[in-house]
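Participant: heads up, no residue letters with this:
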């Protein structure tokens, strides 16, 4: 009987330790799962073989799961960490149309230090300061096929192999800087060595119902297909603002310019802009957005061929704090050299199943859908 008592005590002790350790670790599991049924197509360039014919599909709408935590180090200093991954096309078994599968660390994943006095420093794979601080609501239907982020926020990036600093809130002002290194530094025939690093700077100021943010991002050089340096640098500039009226109407506006310093051809410059509106009516919110990309300066007689515009109309309805229904309609009009596709669930007409998947120029993608989202 004594040995039985010892064994029971030992098992009880081990179980207590096993369950006590996670409780002390301060780990949070979070995320959401979201999907919609939609009708999509991308036609209009006049070449039937390169068009995306109308079809009905069920699409993942940006679903993700993450784990995060922190440890108090004393004197107001904390160690922080996060591992987050997208559930890429969970409705299709976890593989999207570019052949990418759902693996760990695909989204913001980092380790760092945080203090109320000096802010936070992160190391890992994380949204650039340009992306993180200039998000003041310019995309009215985020994490849906009608997400206009890829159309307007072209300088936004999640930087791999990167270090970030974000300041504390200084009476409404927040500052950030990010640097992503090019660890490969690809070299061809001993003649050219790429340095596709990235520097990102941004600031956001919030006072009451008004927010304004500005960002600058520089991407380094890239090697071209002819074993020569083709792109010397790409610069992004962005200015955005939002204002919430006493009626709870939220107005947003933004402008972004992309400049490319090319080695073997004329430098180019293109400016885009957007305006948006969101109006709640109890648990239901109606949303509208229009965005446009202007001519591509530097392309001479064909610069107008790169123009494009996108319309978005949508609505959300909160069934609870965690469960939401949504509906949307969006259309992109691409001029004959433009290749903009849909946001979270894009459509492609070439390279399907590979990293080179793309929409052929001149096609006009559009989508109408309804869906459901549950957060946890």
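Facilitator: Good, I have the coordinates. All values derive from a computational prediction rather than experimental measurement.
Participant: Now for the residue lying closest to residue 107 once chain neighbours are set aside: which residues touch it?
Facilitator: Taking CB to CB, 6 or more residues apart in numbering as the measure, residue 107 lies nearest to residue 84, with 4.0 Å between them; neighbours along the chain are not counted. For glycine as for every other residue, the C-beta is placed from the backbone atoms N, C-alpha and C. Residues counted as contacts of residue 84 (CB atoms under 8 Å, 6 or more residues apart in numbering) are 31, 64-68, 105-109.
Participant: Got a quick PyMOL command for the buried subset of those residues?
Facilitator: Selecting only the buried entries of the contacts of residue 84 in PyMOL, with 16 or more other CB atoms under 10 Å as the criterion:
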select buried, resi 31+64+65+66+67+68+106+107+108+109
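Participant: Save the contacts of residue 84 as CSV, and put in secondary structure too.
Facilitator: Shown next, in CSV, are these (DSSP: H, G, I helix; E, B strand; the rest coil):
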residue, secondary structure
31, strand
64, strand
65, strand
66, strand
67, strand
68, strand
105, coil
106, coil
107, coil
108, coil
109, strand
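Participant: out of the contacts of residue 84, who's nearest residue 204?
Facilitator: Using CB to CB, residue 108 is the member of the contacts of residue 84 that sits closest to residue 204, with 17.7 Å.
Participant: How confident was the prediction at the closest one?
Facilitator: Taken from the predicted model, the pLDDT recorded for residue 108 is 97.
Participant: circling back to that earlier point, ok, the helix or strand hosting the residue nearest to residue 107: who's next to it in the sheet?
Facilitator: Assigning secondary structure by DSSP states H and E places residue 84 in strand 77-86. Sheet pairing for strand 77-86, assigned by DSSP bridges, gives strand 64-74 (antiparallel), strand 109-115 (antiparallel).
Participant: still on that earlier bit, pull the most distant pair out of the contacts of residue 84.
Facilitator: Of all pairs drawn from those, the widest gap by CB to CB lies between 68 and 106 and measures 15.2 Å.
Participant: TSV for the strands paired with strand 77-86, including distance to residue 337?
Facilitator: Compiled in TSV, the strands paired with strand 77-86 are given as follows (distance: least, CB to CB, whole Å):
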stretch	distance to residue 337
strand 64-74	34
strand 109-115	36
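Participant: For residue 317, find the nearest of those strands.
Facilitator: strand 64-74 (21.7 Å).
Participant: Name the residues that touch that closest one?
Facilitator: Looking at strand 64-74 with CB under 8 Å, 6+ apart, the contacting residues turn out to be 25-32, 78-87, 107-108, 113-114.
Participant: Now with 10 Å, please.
Facilitator: By CB atoms under 10 Å, 6 or more residues apart in numbering, the surrounding residues in contact with strand 64-74 are 24-34, 77-88, 90, 102, 104, 106-110, 112-115, 143, 376.
Participant: out of the residues you listed, which are buried?
Facilitator: Neighbour-count burial (16+ other CB under 10 Å) applied to these gives 31-34, 78, 80-88, 90, 102, 106-110, 112-114, 143.
Participant: among the strands paired with strand 77-86, which is nearest residue 354?
Facilitator: With CB to CB as the yardstick, what comes closest out of the strands paired with strand 77-86 is strand 64-74 (23.4 Å).
Participant: can you give me how far the closest one is from the chain middle?
Facilitator: Between the mean C-alpha point of strand 64-74 and the mean C-alpha point of its chain there is a distance of 21 Å (CA atoms, centre = their mean, to the nearest Å).
Participant: got it, and stretch 325-332?
Facilitator: Here stretch 325-332 is found 18 Å from its chain centre; the criterion is CA atoms, centre = their mean.
Participant: ok, now which ones touch residue 356?
Facilitator: With contacts defined as CB under 10 Å, 6+ apart, the neighbours of residue 356 are 98-99, 348, 350.
Participant: Buried subset of those residues, written for PyMOL?
Facilitator: A single PyMOL command is used to select the members of the contacts of residue 356 judged buried by 16+ other CB under 10 Å:
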select buried, resi 98+348
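Participant: May I ask which two of the contacts of residue 356 are separated the most?
Facilitator: Comparing the members of the contacts of residue 356, the greatest separation, given CB to CB, is between 99 and 350, at 13.6 Å.
Participant: Tell me which helix or strand comes right after the host helix or strand of residue 34.
Facilitator: In this structure, residue 34 is located in strand 27-43 according to DSSP H and E. Beyond strand 27-43 in the direction of the C-terminus, DSSP H and E gives the next helix or strand as strand 52-60.
Participant: And that next one, what's buried?
Facilitator: Of the residues in strand 52-60, 52, 57, 59-60 count as buried by neighbour count, 16+ other CB under 10 Å.
Participant: just those residues now: which is nearest residue 232?
Facilitator: Of the buried residues of strand 52-60, the one sitting nearest to residue 232 (CB to CB) turns out to be residue 52, at 34.1 Å.
Participant: Leaving out the residues flanking it, which one is nearest to that closest one?
Facilitator: Leaving out its chain neighbours, the residue that sits closest to residue 52 by CB to CB, 6+ apart is residue 42, at 3.8 Å.
Participant: ok, now residue 375?
Facilitator: For residue 375, ignoring the flanking residues on the chain, the nearest one in space by CB to CB, 6+ apart is residue 32 at 4.2 Å.
Participant: Next up, the contacts around that neighbour.
Facilitator: The contact partners of residue 32, by CB under 10 Å, 6+ apart, come to 61-66, 87, 143, 322-324, 373-376.
Participant: and if you look at residue 336?
Facilitator: Taking CB under 10 Å, 6+ apart as the definition of contact, the neighbours of residue 336 are 44-46, 302, 304-307, 361-363.
Participant: Kindly recompute the last result at 8 Å.
Facilitator: The neighbours of residue 336, taking CB under 8 Å, 6+ apart as the test, are 45, 305, 361-362.
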